[in-house]
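Asker: sequence and predicted structure below; questions after.
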Amino acid sequence: MEFVPKLKLNNGNEIPFFGLGTWRSKPGEVEEAVKHAIDVGYRQFDCARFYENEAEIGKAIREKIQEGVVKREDLFITSKLWCTNMRPDLVEPTLKSSLADLGLEYLDLYLIHWPCAFKEGNGLLPEDTNNPGKVLFSDVDYVDTWKAMEDVHKKGLAKSVGISNFNERQVTRLLENAKVVPVVNQIECHPYLNQKRLTAFCKSKGIEIVGCLHQTGHGQSHRIQF
């Protein structure tokens, strides 16, 4: 197998430097994209409940494992907890739902997708019927969500847990209440938005940055570990 460079996280686990993002992948296309990516050497795959394509990604992963191209332990699979499922009692069931779609027994990394909660039980983007276009928010605190993330990590459902789209103030508040330090903060990070200050702050706390490079014209996003 090709050598895939990796970075050691603060809990001792390793993440491949490069990964394939699956946001905006069209139905019927993401399966082939993942299979081709595995064939050419990609081992990190960034998924999310919000992307609504985890079942298709899981099908591609199973096929490549069955073909003997890779083993499960060769792959680093990330998923994310969406904003409508941030209530602590919903964290584990939501993770297990992603596992079922992906056909996996555990995730390598599970992230809180955004540091804000939407109203539960009204679709992915619950809308205020009196104010079209306005999203309904929940009063769930991401600190309470994080405690549930720590629980699924302890149970082995996610080998590592982290955050996404958190700013410095939010990271600071989370760390003041956390027993488990997030391994990564996934943010938009590229030459036009270098995020130098946030990157330096997170690294000072032992949190690595996963930077998102969006190729919106092709409906794909790639992830790179800085």
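Answerer: Perfect, I can see it now. Residues are numbered from 1 along each chain as shown.

Asker: residue contacts, the closest residue to C83 other than its chain neighbours?
Answerer: Nearest residue to C83, sequence neighbours excluded (C-beta to C-beta, 6 or more residues apart in numbering): F118, at 4.1 Å. For the C-beta atoms, the positions are set from N, CA and C on the backbone; glycine is no exception. Contact partners of F118, counting by C-beta atoms under 8 Å, 6 or more residues apart in numbering, are 83-84, 86, 125-126, 135-138.

Asker: now, those residues that are in strands?
Answerer: Assigned to strands by DSSP state E, none of those qualify.

Asker: any idea how far Q195 is from V30?
Answerer: Remark: distance between Q195 and V30 (C-beta to C-beta, to the nearest Å) = 27 Å.

Asker: okay, those two: which has more neighbours?
Answerer: V30 (26 against 18; other C-beta atoms under 10 Å).

Asker: C202 contacts Q186, correct?
Answerer: No: checked against C-beta atoms under 8 Å, the pair C202 and Q186 is beyond contact range at 10.6 Å.

Asker: quick one, what contacts the closest residue to D139 other than its chain neighbours?
Answerer: Excluding the flanking residues, the one nearest D139 by C-beta to C-beta, 6+ apart is A117, at 7.4 Å. A117 makes contact with 83-84, 86-87, 137-142, 145 under the criterion C-beta under 8 Å, 6+ apart.

Asker: residue most distant from the centroid, this structure?
Answerer: When distances are taken from the C-alpha mean of the chain, N130 lies farthest, 32.4 Å away, according to C-alpha atoms, centre = their mean.

Asker: what pLDDT does that one get?
Answerer: Model confidence at N130, given as pLDDT, is 87.
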